[in-house]
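Novice: take this sequence and fold it.
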Amino acid sequence: MRGDRHDRNGPFLAASLLRLGIDPARITVVGDDPGALEGALREGLDHELLVVSGGLGPTHDDRTVELLARAAGVGLHTDEQLAAQIEEISHRVATRLNRPYADFEHGVRKQATIPDGAVIVGLAGTAPAIVLEVGERVAVALPGPPRELQTLWPRVLETEPIRRLLARAVAPSRRVLRFYGASESEIARALAEVGGDGSGVDVTICARDFEIHVDLFVQTGAEARADELEAGLASKHLFSRVETGTAELVLSLLRDRGLTLATAESCTGGLVASRLTEVPGSSDVFAGAIVAYSNELKVQQLGVPDELLREHGAVSAEAAAAMARGARDRLGVDVAVSVTGVAGPGGGTPEKPVGLVFLHASGPMGERGLRFDFPGDRATIRGRSAVAALHLVRRLVTQS
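Specialist: Predicted coordinates for the structure are as follows:
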């Protein structure tokens with residue numbers, strides 16, 4: 001509520017439920033105020049399913065279980081078996097942190113106190129996930145840490161109350177279209193030209209990570225209409241029909257062709273390499289990166305000619321090309337991509353303003369260079385540059 005954290009649980013749960021045929025009506029973010037939280041829980045219980053995350057911990061401001069019981073009109077009790085499990089975990093944590101167990105003791109009893117009639121799903125930390133039937137409604141309470149929530153969520157879906165709820169749901173099929181280089185308005189216009197969604201097909205258009213992600217949710221019997229929409233939306237900007245992330249997609253393309261990759265980065269400072277190495281198993285394709293921020297390192301580590309930098313500058317198409325070729329040579333890879341630019345907020349000139357970025361990809365299939373004038377702040381320019389570098393490699397490899 002103070003703006004220092006981002007909600008990672010709401011989008012995860014909504015996407016999971018949508019795939020299961022449950023249409024999320026609302027995502028509510030509410031603070032620790034008891035009145036506001038109880039009000040939100042009561043509103044949630046007006047729906048067939050209420051899923052709440054957070055507020056199950058050991059401290060005074062963790063009030064979810066108490067207020068959920070009050071909103072549902074049931075009492076509370078301490079589950080002794082659950083308390084023993086939480087106590088065992090807490091002893092291990094106390095030992096690891098070299099702290100007295102007394103620091104944890106009160107929290108054990110608190111976290112083992114659950115609404116009457118609730119089903120205990122399990123533990124991924126010290127806070128349990130629980131499922132509570134409230135008449136014909138079902139409430140689920142999950143711990144707040146995303147790792148714990150995502151660990152326990154599949155177990156929640158296997159509980160009998162949720163299985164009965166899902167048995168009434170009809171999950172639509174989903175088609176994925178991923179675009180790069182198109183705007184949201186361009187995709188929206190294309191959708192309107194083919195009649196828009198409806199007739200059993202719901203379409204969502206979302207700008208995400210500087211790409212346009214389009215999902216078609218298709219009800220049974222509406223497949224022909226979905227085919228029409230998909231054909232109408234397809235364009236030169238369509239690069240994928242699967243949900244695979246761009247870094248993973250690029251690595252797969254290279255792997256299938258037996259090619260290795262490296263990056264030479266200036267203004268992105270290793271951001272392209274970071275995106276690639278976030279993908280498990282990337283080491284069989286991605287060899288490494290040279291982050292050459294200064295001109296001296298561009299010369300020493302990438303072999304960029306000093307006279308080239310004096311004539312054209314570090315932010316130039318010529319420098320980007322020399323960086324990519326230097327990375328291929330110095331790191332012994334098949335393909336290399338480089339990024340150099342002015343990320344700001346300072347450092348720009350009338351000739352080379354903030355947001356000017358040059359990229360170059362070099363490989364056995366040829367060479368490709370790009371120039372961009374990106375709007376935005378430093379983080380946006382760097383992020384756009386990293387995504388552009390990945391797509392430049394994709395286009396070079398696929399010759400698209």
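Novice: so Val387, which of the three states?
Specialist: helix (DSSP: H, G, I helix; E, B strand; the rest coil).
Novice: for it, which non-adjacent residue is closest in space?
Specialist: Leaving aside its sequence neighbours, Val387 sits nearest to Phe210 (CB to CB, 6 or more residues apart in numbering; 4.6 Å). The way it works is simple: take the backbone N, C-alpha and C, and place the C-beta from them, glycine included.
Novice: which residues does that neighbour contact?
Specialist: Residues counted as contacts of Phe210 (CB atoms under 8 Å, 6 or more residues apart in numbering) are 180, 383-384, 387-388.
Novice: would you mind listing which of those are buried?
Specialist: Applying 16 or more other CB atoms under 10 Å to the contacts of Phe210, the neighbour count classes 180, 383-384, 387-388 as buried.
Novice: gap between the residue lying closest to Tyr101 once chain neighbours are set aside and His60?
Specialist: Closest residue in space to Tyr101, ignoring its immediate chain neighbours: Ala94 at 4.6 Å, by CB to CB, 6+ apart. Ala94 sits 20 Å away from His60, going by CB to CB, to the nearest Å.
Novice: which of these two has more neighbours?
Specialist: Shown here are Ala94 and His60; by other CB atoms under 10 Å, Ala94 has more neighbours (16 against 9).
Novice: isn't the more buried one right up against Gly107?
Specialist: No - between Ala94 and Gly107 there is no contact under CB atoms under 8 Å: 11.0 Å.
Novice: okay, strands next: where are they in the stretch 151-300 of the chain?
Specialist: Using DSSP state E, counting those that start in this stretch, the strands of the stretch 151-300 of the chain run over residues 173-179, 201-208, 211-218, 238-240, 261-265, 286-291.
Novice: using CSV, please lay out the ones you listed together with mean neighbour count, mean pLDDT and distance to Val74.
Specialist: Shown next, in CSV, are these (neighbours: other CB atoms under 10 Å; pLDDT from 0 to 100; distance: least, CB to CB, whole Å):
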stretch, mean neighbour count, mean pLDDT, distance to Val74
strand 173-179, 18, 96, 37
strand 201-208, 15, 93, 36
strand 211-218, 20, 95, 36
strand 238-240, 18, 97, 48
strand 261-265, 29, 98, 57
strand 286-291, 20, 98, 54
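Novice: now render these as JSON lines, adding distance to Val29.
Specialist: Below are the strands of the stretch 151-300 of the chain laid out as JSON lines (distance: least, CB to CB, whole Å):
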{"stretch": "strand 173-179", "distance to Val29": "26"}
{"stretch": "strand 201-208", "distance to Val29": "19"}
{"stretch": "strand 211-218", "distance to Val29": "23"}
{"stretch": "strand 238-240", "distance to Val29": "31"}
{"stretch": "strand 261-265", "distance to Val29": "36"}
{"stretch": "strand 286-291", "distance to Val29": "37"}
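Novice: ok, which of those comes nearest Arg310?
Specialist: Ranking the strands of the stretch 151-300 of the chain by their distance to Arg310 (criterion: CB to CB) puts strand 261-265 first, at 19.3 Å.
Novice: quick one: strands adjacent to that closest one?
Specialist: strand 286-291 (parallel), strand 335-341 (parallel) (DSSP bridges).
Novice: contacting residues around that strand?
Specialist: Strand 261-265 has contacts (CB under 8 Å, 6+ apart) with 250-251, 254, 270-273, 276, 285-292, 302, 323-324, 326-328, 331, 333-339, 389, 393.
Novice: now do 6 Å
Specialist: With CB atoms under 6 Å, 6 or more residues apart in numbering as the test, strand 261-265 has contacts from 254, 272-273, 285-291, 302, 323-324, 327, 331, 333, 335-339.
Novice: with stretch 135-145 instead?
Specialist: Contacts for stretch 135-145 (CB under 6 Å, 6+ apart): 45, 49-54, 56, 64, 68, 125, 127, 129-132, 149, 156, 161, 165.
Novice: in helices only, show me the residues you listed.
Specialist: 64, 68, 149, 156, 161, 165 (DSSP state H).
Novice: let's have those in a markdown table, adding pLDDT and neighbour count.
Specialist: Converted to a markdown table, these look like this (pLDDT from 0 to 100; neighbours: other CB atoms under 10 Å):
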| residue | pLDDT | neighbour count |
| --- | --- | --- |
| Thr64 | 97 | 24 |
| Leu68 | 98 | 30 |
| Leu149 | 97 | 23 |
| Val156 | 98 | 22 |
| Pro161 | 97 | 18 |
| Leu165 | 96 | 19 |
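Novice: just put those residues in a markdown table and tack on distance to Ala379.
Specialist: A markdown table is the format used below for the ones in helices among the contacts of stretch 135-145 (distance: CB to CB, whole Å):
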| residue | distance to Ala379 |
| --- | --- |
| Thr64 | 34 |
| Leu68 | 38 |
| Leu149 | 27 |
| Val156 | 35 |
| Pro161 | 43 |
| Leu165 | 41 |
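Novice: got phi/psi on the closest residue to Ile22 other than its chain neighbours?
Specialist: Take Ile22 and drop its neighbours on the chain: the residue closest to it by CB to CB, 6+ apart is Ala169, 5.3 Å away. Torsion angles at Ala169 (phi, psi; degrees, to the nearest 10) stand at phi -90, psi 150.
Novice: okay but Ala169 is in contact with Asp23, surely?
Specialist: No - checked against CB atoms under 6 Å, the pair Ala169 and Asp23 is beyond contact range at 8.9 Å.
Novice: and of the contacts of Phe210, the nearest to Ala188?
Specialist: Using CB to CB, Tyr180 comes nearest to Ala188 of those, at 16.4 Å.
Novice: OK, contacts around the closest one?
Specialist: Residues in contact with Tyr180 (CB under 6 Å, 6+ apart) are 211, 239, 391.
Novice: can you check the pLDDT for the last one?
Specialist: On the pLDDT scale, His391 is placed at 98.
Novice: are we agreed that Leu309 is in a helix?
Specialist: Yes - when three-state DSSP is applied, Leu309 is found to be in a helix.
Novice: tell me the buried residues in the helix or strand in which Arg384 is found?
Specialist: Secondary structure from DSSP states H and E places Arg384 in helix 378-398. For helix 378-398, a neighbour-count test (16+ other CB under 10 Å) marks 381-397 as buried.
Novice: what does it rub up against?
Specialist: 180, 210, 246-247, 250, 253, 268, 271-272, 275, 337, 339, 343-344, 355, 357, 359, 361, 363, 368, 370, 374.
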